[in-house]
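Trainee: sharing a sequence plus its predicted fold:
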Amino acid sequence: MSTTTAGHLIVSQLERAGIRRVYTVPGESFLDVLDGLHGSPITNVVARQEGGAGFMALAEGRLTELPGVAMVTRGPGAANAFIAIHTAHQDATPLLLFVGLIPVADRGRESFQEFDINAWFGSTAKKVVTLDDAASAARVVDDAIFTALSGRPGPVVIGLPEDVLVHVVEDATVEPRKVARTRPAVADMEDLKQKLEKARKPLIVVGGESWTQESGEQLAAWATRHSIPVLADFRAYDAVPHRSDAYAGFLGYGRSDANAQRLDDADLIVFVGCVRGDVLSDGYKRGLNAETVVVNADANLLGHFGRVDQHIVADVTAFAASLPTTDAADTVGNREEGWFASARADQLTFSTPRPDGGIGVDLGVAMEVLKKEMADDAVLTFGAGNHTLWPARYLDHNSANSLAAPRNGAMGMGIPAAVAASLAYPGRQVISVAGDGCFMMNGQEIATAMGYEAAFIVLVVDNGIFATIREHQEAHYPDRPSGTHMTNPDFAALARSYGGYGERVDRTEDFAAAFRRAVDSGLPALLHLPQDPTTRSPKTSTN
């Protein structure tokens, strides 16, 4: 019988599960795991701050079939990583966070960097477990991966006491448990068919995780045959291809007024992979009266508000594969005239870029350039703030796994997510749109990108203010701005200092050529875009 240490066995189990990268900030509390990564086929991506490492892992979990994995040290390291756990929890994204802990014998003495891992993470993670039994290391890792992926996906936190990690154990990994992709029952699909036959104004809302190119196209094609508009949940814009005649835009912050009204007017709403939550429903106010079907693997429907007339417990890919491919003559005859066509027409109008005016680079024009220049399978990343309204509204998603952005409104995710996306999909173009405030929270992770040859393009929208908060101040405390001004660096020079490409673009007409130069650089590239601070959102005649 061969032996190893618990720390090395953790790495071996991650290898067997197919994990390709872990995102870390090193700490003395998990040295044996770091030693296990030495020579491992798993790439140890060393980030510059634990929040960045957590966001990288979260993006990996969003964009791939396995949970992202982050490793940080006790106390301060765990505190910095907490933002990723909260985001993964509210976003329902699979994530593993390994946290080094103090030795077992030192517990309860307020020893150096001691904290209560269960008290900190217990209300936010799907599961919190401490590896007190070294022999269970492989099983604990396998259970964490299974838990993160099953039902409603989410984060799992694993505490690693530094003394337990060096215990000698049997060198034996376990067979990874497979997560069942629950198929809908035949009776459930028949009930849904009957509801669709009666509905005059049905609506599908898609969201959540696990969408593939095949499942997105299957659902969009089925919705088209049945004359059902498809709306995307907030920051789930890549669930179905935007080229589909069924795609009618998105809900949540920045949504069109037409789609908000459409949610209220619907007589049947089918949520697929998501639920009727706060942001989607404009604060639990819209879409409350319609007959409601929820297709979701989460038996508890965490976060759902309002009526549920039918709950189909199924994975989105299994549900899409179960949809009938036959014609839908029986279901479309009762549709209200124009219901389907007007939804698509409204979206095409709403998503057509137009100039915003004002000083600095016009983001409406910049988005028009991106819409023409960016690759069809490009991955978009961003954090939170008013700058996200432009890419959400104007840029298309026709490929699965093409968006990594926080649904809980966490700032600072865009750059770490771009690093992870570039490593997960080295052949795909990655573009990050960042506000100046959002960029400054984790912009240092460009250094990580340089160290691992990750290439992406960042557009830094620089208006010198925390624009979202300033907008609220102007609405509730007019003429009394407070705490929302920023003093910014030369962003282009900052990118160059890391070894990347950096260029300041002061004029709208210069943006297209600058973007091409950024693409051609092959480096982490940053375009610094000064913008009119009075511009809050895209201008349009149709909201």
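Mentor: All right, it came through fine. Residues are numbered from 1 along each chain as shown.
Trainee: now Leu251. Nearest residue, chain neighbours left out?
Mentor: The shortest distance from Leu251 to any non-neighbouring residue, by Cβ to Cβ, 6 or more residues apart in numbering, is to Leu280 (4.7 Å). Glycine gets a C-beta too; all of them are placed from N, C-alpha and C.
Trainee: and the pLDDT for the one you found?
Mentor: Note on Leu280: pLDDT of 96.
Trainee: I'd guessed it sits against Phe234; true?
Mentor: Yes: contact status for Leu280 versus Phe234: in contact at 6.0 Å, counting by Cβ atoms under 8 Å.
Trainee: compare those two (neighbour count), which wins?
Mentor: A direct count of neighbours by other Cβ atoms under 10 Å for Leu280 and Phe234 places Leu280 higher, at 29 against 23.
Trainee: quick check, that one in a helix?
Mentor: No: Leu280: not assigned to a helix; according to DSSP: H, G, I helix; E, B strand; the rest coil it is coil.
Trainee: before we move on, back to that, overlap in contacts of Leu280 and Phe234?
Mentor: 207, 251-252 (Cβ atoms under 8 Å, 6 or more residues apart in numbering).
Trainee: so where's the stretch 351-500 of the chain uncertain?
Mentor: Residues of the stretch 351-500 of the chain meeting the criterion pLDDT under 70: none.
Trainee: and the strands in it?
Mentor: Using DSSP state E, counting those that start in this stretch, the strands found in the stretch 351-500 of the chain span residues 379-382, 403-404, 430-435, 457-462.
Trainee: strand partners (parallel or antiparallel) of the first one?
Mentor: To tie it back to what came earlier, the one meant is strand 379-382. strand 403-404 (parallel), strand 430-435 (parallel) (DSSP bridges).
Trainee: try the last one
Mentor: Partners of strand 457-462 in the sheet, by DSSP bridges, are strand 430-435 (parallel), strand 525-530 (parallel).
Trainee: as TSV, the ones you listed with mean neighbour count and distance to Gly154 would be great.
Mentor: Formatted as TSV, those follow (neighbours: other Cβ atoms under 10 Å; distance: least, Cβ to Cβ, whole Å):
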stretch	mean neighbour count	distance to Gly154
strand 430-435	29	25
strand 525-530	26	33
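Trainee: do you know which of the ones you listed lies nearest Leu101?
Mentor: strand 430-435 (33.7 Å; Cβ to Cβ).
Trainee: what about the longest helix in this protein?
Mentor: Scanning the chain for the helix with the most residues, using DSSP state H, yields helix 76-91.
Trainee: what comes up buried for that helix?
Mentor: Neighbour counts using 16 or more other Cβ atoms under 10 Å place 77-78, 80-91 of helix 76-91 among the buried residues.
Trainee: swap in stretch 87-106?
Mentor: Neighbour counts over stretch 87-106 (16+ other Cβ under 10 Å) mark 87-102 as buried.
Trainee: and for stretch 486-498?
Mentor: Neighbour counts using 16+ other Cβ under 10 Å place 488, 491-492, 494-495, 498 of stretch 486-498 among the buried residues.
Trainee: and if you look at stretch 156-176?
Mentor: Across stretch 156-176, burial judged by 16+ other Cβ under 10 Å covers 156-165, 167, 169, 173-174, 176.
Trainee: between the two ends of that stretch, how far is it?
Mentor: Chord length of stretch 156-176, first to last residue, is 16 Å (Cα to Cα, to the nearest Å).
Trainee: in three-state terms, label Phe271 for me.
Mentor: Three-state call for Phe271 (three-state DSSP): strand.
Trainee: what about it, how many neighbours?
Mentor: 27.
Trainee: what's the answer for Ile359, then?
Mentor: Ile359 has 12 neighbours, counted by other Cβ under 10 Å.
Trainee: distance of the closest residue to it other than its chain neighbours from Asn488?
Mentor: Residue nearest to Ile359 in three dimensions, not counting chain neighbours: Asp532, with 4.6 Å by Cβ to Cβ, 6+ apart. As judged by Cβ to Cβ, to the nearest Å, Asp532 and Asn488 stand 15 Å apart.
Trainee: then Arg428?
Mentor: Per Cβ to Cβ, Arg428 is found 30 Å from Asn488.
Trainee: am I right that Leu263 is in a strand?
Mentor: No: per three-state DSSP, Leu263 lies outside any strand segment and is helix.
Trainee: give me the nearest residue to it, chain neighbours excluded.
Mentor: Per Cβ to Cβ, 6+ apart, closest to Leu263 is Gly287, 3.9 Å.
Trainee: quick one: pLDDT of that neighbour?
Mentor: 96.
Trainee: would you agree it is in contact with Phe271?
Mentor: No: between Gly287 and Phe271 there is no contact under Cβ under 8 Å: 9.5 Å.
Trainee: related to what we said a few turns ago, ok, the residue nearest to Leu251 - contacts?
Mentor: Going by Cβ under 8 Å, 6+ apart, Leu280 touches 205, 207, 233-234, 251-252, 274, 287.
Trainee: now secondary structure too, for those, in TSV please.
Mentor: Listed next are the contacts of Leu280 as TSV, based on three-state DSSP:
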residue	secondary structure
Val205	strand
Gly207	coil
Asp233	coil
Phe234	coil
Leu251	coil
Gly252	coil
Cys274	coil
Gly287	coil
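Trainee: now render those as TSV, adding distance to Pro481.
Mentor: Formatted as TSV, the contacts of Leu280 follow (distance: Cβ to Cβ, whole Å):
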residue	distance to Pro481
Val205	37
Gly207	35
Asp233	33
Phe234	27
Leu251	30
Gly252	26
Cys274	36
Gly287	35
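Trainee: returning to that earlier point: looking at the buried residues of helix 76-91, which is nearest Asn408?
Mentor: Using Cβ to Cβ, the buried residues of helix 76-91 come closest to Asn408 at Gln90, 3.8 Å.
Trainee: return the distance of that closest one relative to Ala221.
Mentor: Distance, Gln90 to Ala221, by Cβ to Cβ: 31 Å.
Trainee: and the furthest pair within the buried residues of stretch 156-176?
Mentor: Of all pairs in these, the most separated under Cβ to Cβ is Asp163 and Pro176 at 27.5 Å.
Trainee: for the closest residue to Val332 other than its chain neighbours, which three-state class applies?
Mentor: Excluding the flanking residues, the one nearest Val332 by Cβ to Cβ, 6+ apart is Ser227, at 4.6 Å. Under three-state DSSP, Ser227 falls in the coil class.
Trainee: one step back: how about the contacts made by the residue nearest to Leu263?
Mentor: Contacts of Gly287 (Cβ under 8 Å, 6+ apart): 263-264, 266, 269, 276, 280-281, 306.
Trainee: could you rerun that using 7 Å?
Mentor: Gly287 sits next to 263-264, 266, 269, 276, 281 when contact means Cβ atoms under 7 Å, 6 or more residues apart in numbering.
Trainee: relative to Arg470, which of those is nearest.
Mentor: Nearest member of those to Arg470, counting by Cβ to Cβ, is Ser281, at 25.9 Å.
Trainee: mind listing what the closest one touches?
Mentor: 287, 305 are the contacts of Ser281 under Cβ under 7 Å, 6+ apart.
Trainee: any idea how far it lies from Thr292?
Mentor: Distance from Ser281 to Thr292, by Cβ to Cβ: 11 Å.
Trainee: how many neighbours does the nearest residue to Thr212 once chain neighbours are set aside have?
Mentor: Nearest non-adjacent residue to Thr212, counting by Cβ to Cβ, 6+ apart: Ala400, 5.2 Å away. Each residue near Ala400 was counted by other Cβ under 10 Å, and the total is 20.
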